[in-house]
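> sequence first, then the predicted structure, then my questions.
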Amino acid sequence: MTKTDLEELRVLITGGTSGLGRALVGELRRRGARIAFVARSREAVERTSREWPDVLGVVADVSKKDDTHPIAIQALGVLGGLDVLVNNASSLGPAPLVPLADTECEDLELALATNVVGPFRLTKALLGSLAASAREGRRPLVVNVSSDAAVSPYQNWGAYGASKAALLHLSRIWNEELLGEGIRVLSFDPGDMDTPLHAAAVPDADRSTLKHPEHAALELADVIASRIHGAAREDAMAVPEAVR
Amino acid sequence: MIPATLPVPRAADAKLLVVDAEGTVRHHARAEFLDLVREGDIVVANDAATLPASLSGLHWPTGAAVELRLAGRDSLSPDDVSRFVAIVFGAGDFRTPTERRPHPPVLQPGDTLQLGPLQADVVRVLGHPRLIEVRFHDSVAAIWEGVARHGRPIQYAYLSEPLANWDTWTRIAGQPVAFEPPSAGFFLDWTVIRSLRSRGARFATLTHAAGISSTGDTELDRLLPFDEPYFIPPSTAGLIDTSRPRGRVIAIGTTVVRALEHAARPDGTVRPGSGTATQRVGPHTRLRVVDAIVSGIHERGTSHYELLRAFQDAEVLGRMDAEAEARGYRTHEFGDSVFVVRNRALAGQDGVGAVLVGTSSFD
């Protein structure tokens, strides 16, 4: 049976043409949400838009400051408002992974721009819409996609891990600060998934041990639904194991 | 007066000129705004985000360079983006004062304009050679993308550097439907909003498609403001209805006054939902909802200035001008502000207004 528990929910997902982001577009769409997604490649955006013509594809790069408002204008313009922002687009930094000592400065900067500064800017630009959603009683939220690398010092995951650690802390502080506006900011750790990002990080990984992104998308959709419908366990479900 | 020439929306030294209900003029720092708000007051702001509504391009029949400034639209509906009212300039950009800009070529219905990735036809000329209705050929998504990517914020020659969208969006900016910033909202930030709540005041928003403030043409300027669609959330209307008459309604900006007064019922309650403000607010307007306004420093004769005459008479506003001039208040969207409380003794303010006097005097 198809769940349609997210009818009319207005959602923006970054990194929507592969991995978790793409699976989440599919899952939320099945549940009735209205969706805009962002990805850098016009070709990939158009491919996804052809498959799901009712979904808005936005060609943009979250690591670029000048792309922030073009993303916001297109998503808000077409959706007519916003209830959920999923900052999912991520950069590994160096790919394949290398120790910090061998990480180029530019690769660290790219990881920070994509994984921390980009989500900060987009959230900031969309706060007005999310606060308006809250005043209309719609329980808006921001989900920042996290990783166990945000809390454990895995060798070779330095650029990615440090950027995700910053994002995790940003999420927790922002969640405290935005309580009064009725906006929640959650972190979601999907686990090790069989995605292009993971393949770039660990090219020789045994894919059979990795989680399907569709499975993680289902879990994240449930987290979103529990928040939207006011379930009590929303926080416990979303915070990574190690910081619970 | 001195124009504010740098896009600093929350300047630390910004000033606030206060005109109380009795017409007394006082001077504050803008940071002291919070001290003017009382428990039970409702502060209402326009949360429209600003479109990059200036589209440069060319007029196909002549090949002449043009700048189109989007200036009006029938509704706020996301799909209703094919037709716009627009003002057309000839070659050049904001660096040339609008009154000195070259005229565009003669525009005829059916002419095609190429505006970056977008194509539009002139549907009709609206009673002035530079005021037209245009229709975009593209799909809804392509129009939003074209405006988002090709458009630049509308701006004027008193600013020397090009504005970014970061400069024109207020902190509370939501739906991108304004053609120029609802600039009174620039001084609000999330810290101020939180402080309002902690003082027992309430914060609410509406969304009003703030239009163009100046065209550089006296005849065109006389047509301002154009009709402006707005949306008043049920939560905002409800808050106003239940809080008055004890709490005052403080409008952040002229657009909030225009929307709330357009949606006002004769008994002073507010009709929620969508509407289009078509009225001019001025000396003959009887305000039904709004008790005080925060606005920029506007020059006499502009529609924004005329709107203040619904709050205070010409004599008081004349004193306000003189003091603002003497103390070097800065004009324009990144300048200083006024806080004007309505004088209920004004000729227009009879009937319902008189019943609600009670606690509304400013102290």
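Perfect, I can see it now.
> and the strand or helix carrying residue B:195, is it in reach of chain A?
Using DSSP states H and E, residue B:195 sits in helix B:190-198. Yes. Using C-beta under 8 Å from any C-beta of the partner chain, helix B:190-198 reaches chain A at B:190, B:193-194, B:197. The C-beta positions use only the backbone N, C-alpha and C, and glycine is treated the same way.
> so what's the gap between that helix and the chain middle?
Chain-centre distance of helix B:190-198: 22 Å, with C-alpha atoms, centre = their mean, to the nearest Å.
> on contacts alone, who are the packing partners of the helix or strand just after that helix?
Per DSSP H and E, the first helix or strand lying C-terminal to helix B:190-198 is strand B:202-208. If contacts are counted by 3 or more C-beta pairs under 8 Å, 6 or more residues apart in numbering or on different chains; DSSP states H and E, strand B:202-208 sits against helix A:118-135, strand B:42-46, helix B:190-198, strand B:228-232, helix B:234-243, helix B:254-262.
> dump the ones you listed to CSV, plus distance to residue B:208, mean pLDDT and mean neighbour count.
Listed next are those as CSV, based on distance: least, C-beta to C-beta, whole Å; pLDDT from 0 to 100; neighbours: other C-beta atoms under 10 Å in any protein chain shown:
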stretch, distance to residue B:208, mean pLDDT, mean neighbour count
helix A:118-135, 13, 98, 23
strand B:42-46, 5, 98, 27
helix B:190-198, 18, 95, 15
strand B:228-232, 4, 97, 24
helix B:234-243, 12, 95, 18
helix B:254-262, 4, 97, 27
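> in JSON lines: those, plus distance to residue A:228.
Shown next, in JSON lines, are the helices and strands packed on strand B:202-208 (distance: least, C-beta to C-beta, whole Å):
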{"stretch": "helix A:118-135", "distance to residue A:228": "11"}
{"stretch": "strand B:42-46", "distance to residue A:228": "26"}
{"stretch": "helix B:190-198", "distance to residue A:228": "23"}
{"stretch": "strand B:228-232", "distance to residue A:228": "22"}
{"stretch": "helix B:234-243", "distance to residue A:228": "18"}
{"stretch": "helix B:254-262", "distance to residue A:228": "29"}
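> nearest to residue B:11, out of the ones you listed?
Judged by C-beta to C-beta, the one of those that comes nearest to residue B:11 is helix B:190-198, at 14.1 Å.
> just checking, what packs against that closest one?
Secondary-structure packing of helix B:190-198 (3+ C-beta pairs under 8 Å, 6+ apart): helix B:33-36, strand B:202-208.
> which of those sits most buried?
Most buried of the helices and strands packed on helix B:190-198 by mean neighbour count (mean count of other C-beta atoms under 10 Å in any protein chain shown) is strand B:202-208; its value is a mean of 25.
> please save the CA atoms from that strand in CSV.
Output of strand B:202-208 as CSV, limited to C-alpha atoms (Å, rounded to 0.1, in the frame of the first residue of the first chain):
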residue,chain,number,x,y,z
ARG,B,202,3.4,39.7,18.8
PHE,B,203,5.0,39.4,15.4
ALA,B,204,3.1,38.6,12.3
THR,B,205,3.6,38.9,8.5
LEU,B,206,1.7,39.3,5.3
THR,B,207,3.1,39.0,1.8
HIS,B,208,2.6,42.0,-0.5
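> could I get the full set of helices for chain A?
All helices of chain A, identified by DSSP state H, fall at A:19-30, A:42-51, A:68-79, A:105-112, A:118-135, A:158-178, A:196-201, A:213-228, A:234-238.
> check whether the fifth one contacts chain B.
Yes. When contact is scored as C-beta under 8 Å from any C-beta, part of helix A:118-135 falls within range of chain B: A:125, A:127-129, A:131-132, A:135.
> chain center to that helix: distance?
Here helix A:118-135 is found 14 Å from its chain centre; the criterion is C-alpha atoms, centre = their mean.
> in chain A, what residue is nearest chain B?
At 3.6 Å from chain B, residue A:69 is the closest residue in chain A, using C-beta to the nearest C-beta.
> ok, whatever residue of the stretch 201-350 of chain B ends up closest to chain A - contacts?
Closest to chain A within the stretch 201-350 of chain B is residue B:235: 5.2 Å, counting by C-beta to the nearest C-beta. For residue B:235, the contacting residues are A:135-137, B:204, by C-beta atoms under 8 Å, 6 or more residues apart in numbering or on different chains.
> go again with 6 Å.
Applying C-beta atoms under 6 Å, 6 or more residues apart in numbering or on different chains to residue B:235 gives the contacts A:135-136.
> from residue A:115, how far off is it?
From residue B:235 across to residue A:115, the span is 35 Å (C-beta to C-beta, to the nearest Å).
> flag every residue of chain B that's near chain A.
Within chain B, the positions near chain A by C-beta under 6 Å from any C-beta of the partner chain are B:47, B:78, B:141, B:144-145, B:148-149, B:165, B:172-176, B:194, B:233, B:235.
> among those residues, name the ones in strands.
Counting by DSSP state E, these place residue B:176 in strands.
> what's around the closest residue to residue B:263 other than its chain neighbours, how many residues?
Excluding the flanking residues, the one nearest residue B:263 by C-beta to C-beta, 6 or more residues apart in numbering or on different chains is residue B:271, at 4.5 Å. Applying other C-beta atoms under 10 Å in any protein chain shown, we find 13 residues neighbouring residue B:271.
> again with residue B:57
18.
> give me the phi and psi for it.
The phi/psi pair for residue B:57 (degrees, to the nearest 10) reads phi 180, psi -150.
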